[in-house]
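Engineer: Quick one, fold the following:
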Amino acid sequence: MNHSLRKASLLGLTALLLFGQPSAVSAVESRPTIIWNKYDFIPGDKIIFEDNQENETNGQFPSKWELTDKDNIETARLNGDNVLYFINCNMNSGGGIVPLIKNRAQDYLPDDFTVEFDAWFSDKYHSPLYYLYLIDIKNQRSLAKGAPSGLSATSRYLRFNRIKANQYGGVGNAYPGMNQQSKLQPMWRHFAVSFRQGILKAYMDDARVLTIPNLGYNPTGITIGSHNTGQTIKGYIKNVRIATGGVQLYSRLLSAGRVATTGIKFDTGKATLKPESNGVINELVTMLNTYPSLRLRIEGHTDSDGETAANQILSEKRAATVKDILTKRGVTAARLTTAAYGESKPVAVNTSSEGKANNRRVEFVKI
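Structural biologist: Now for the predicted structure:
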């Protein structure tokens, strides 16, 4: 992967639901010019909720969520992937879905956390609107009532469209180089939010679009959805992830001698880096440039899905990919070695999405 990623590909948009039944539609996906070499989003250390819609059934309600109200939401197939399909959803009044997390009526977000998801935009303008409430609208309203900020539960949100993001009561900040007149073909956007030491940052693809030094309330959970009450423009999201923690990589490496990250992501079953991995890659390059005597062993790990032998080979290829991208970014190859363990060293059970996601990791060991 290069310093700049110019992505313009022809996609087939398949299996949209029409009146509850699958239908096929083709569309062109295009992106603005994306440059990931300054991307500074670092995912949390441990994944506490992950939904990539694995093993979901088309047309059924997604099994890892519950409705906040009476909206119409299903699992659908979009471009070959399972997605969360918001058929009719009123996010202005606190609609959407909330994750099925244990003790979800309590504050389950720590002081430092991250949230990520991918959202689809189906027309050449900027609809639909996607909302991320930083509270569980269904189960945590009492937490908002008792909070000193006085901000209601239905006001505790970030809102995204294709080109900008804003918080409740705030002016929207646009993606660099784009405005309301910008016209694009159908496309996915990767949204990411970090909350660390009271500071909230929000990202669209490779760009940070919001920095809020004082959010004004304590995030306690999430509610997510696509605002669509007219049923003309549908919303779709996928790859929802909540993670805790976020200590800088070098601090963890210095204290423990090794650091594991799930923030280096690959295409399923492949050793191809996803572009949002560049937040971690960029920090590694900076760290290695800052400490020229530092040498690392790069270890690849997988979950237990698939054959054991294939997972071993996959982990070897993934470790080699990380070494390759670091050397292309200027790190001397002699400072890096690789090792691979496939599925043999799990850090969590492989019976849940979260466990498997934590096992799909890359570790860096100081040598």
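Engineer: quick one: residue 139 and residue 66, what's the gap?
Structural biologist: According to Cβ to Cβ, to the nearest Å, residue 139 stands 9 Å off from residue 66. Every C-beta, even on glycine, is put in place using the N, C-alpha and C of the backbone.
Engineer: So for these two, which residues contact both of them?
Structural biologist: residue 98 (Cβ atoms under 8 Å, 6 or more residues apart in numbering).
Engineer: tell me which element residue 357 is part of?
Structural biologist: helix 353-359 (DSSP states H and E).
Engineer: Distance from that helix to the middle of the chain?
Structural biologist: Offset of helix 353-359 from its chain centre (Cα atoms, centre = their mean, to the nearest Å): 14 Å.
Engineer: Show me what counts as buried in the helix or strand following it.
Structural biologist: Remark: after helix 353-359, the chain's next helix or strand is strand 362-366, criterion DSSP H and E. Neighbour counts over strand 362-366 (16 or more other Cβ atoms under 10 Å) mark 362-365 as buried.
Engineer: same deal with stretch 197-209?
Structural biologist: For stretch 197-209, by 16+ other Cβ under 10 Å, it's 200-209.
Engineer: Output those residues in TSV, with distance to residue 350, secondary structure and pLDDT appended to each entry.
Structural biologist: Below are the buried residues of stretch 197-209 laid out as TSV (distance: Cβ to Cβ, whole Å; DSSP: H, G, I helix; E, B strand; the rest coil; pLDDT from 0 to 100):
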residue	distance to residue 350	secondary structure	pLDDT
200	33	strand	96
201	32	strand	96
202	32	strand	97
203	30	strand	97
204	33	strand	96
205	31	coil	95
206	32	coil	93
207	35	strand	94
208	34	strand	95
209	36	strand	96
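Engineer: If we only consider those, which is nearest to residue 130?
Structural biologist: In terms of Cβ to Cβ, no member of the buried residues of stretch 197-209 lies closer to residue 130 than residue 204, at 10.7 Å.
Engineer: my read: that closest one touches residue 175, true?
Structural biologist: Yes. Residue 204 is in contact with residue 175 according to Cβ atoms under 8 Å; the separation is 5.1 Å.
Engineer: ok, residue 307 - how many residues close by?
Structural biologist: When neighbours are defined as other Cβ atoms under 10 Å, residue 307 has 12 of them.
Engineer: any idea how far it is from residue 317?
Structural biologist: 15 Å.
Engineer: Next, the contact list for the residue most central in space within the chain, please.
Structural biologist: The residue lying closest to the centre of the chain (Cα atoms, centre = their mean) is residue 116, at 2.5 Å. Contacts for residue 116 (Cβ under 8 Å, 6+ apart) come out as 43, 190-193, 239-241, 276.
Engineer: Top of these by number of neighbours, please.
Structural biologist: Neighbour max across those (other Cβ under 10 Å) = residue 43, 26 neighbours.
Engineer: And residue 139 and residue 66? Which one has more around it.
Structural biologist: Between residue 139 and residue 66, residue 139 has the larger neighbour count (other Cβ under 10 Å), namely 20 against 15.
Engineer: element containing the more buried one?
Structural biologist: Residue 139 belongs to no helix or strand when assigned by DSSP H and E.
Engineer: Okay, it and residue 51: tell me how far apart.
Structural biologist: Taken as Cβ to Cβ, the span from residue 139 to residue 51 is 17 Å.
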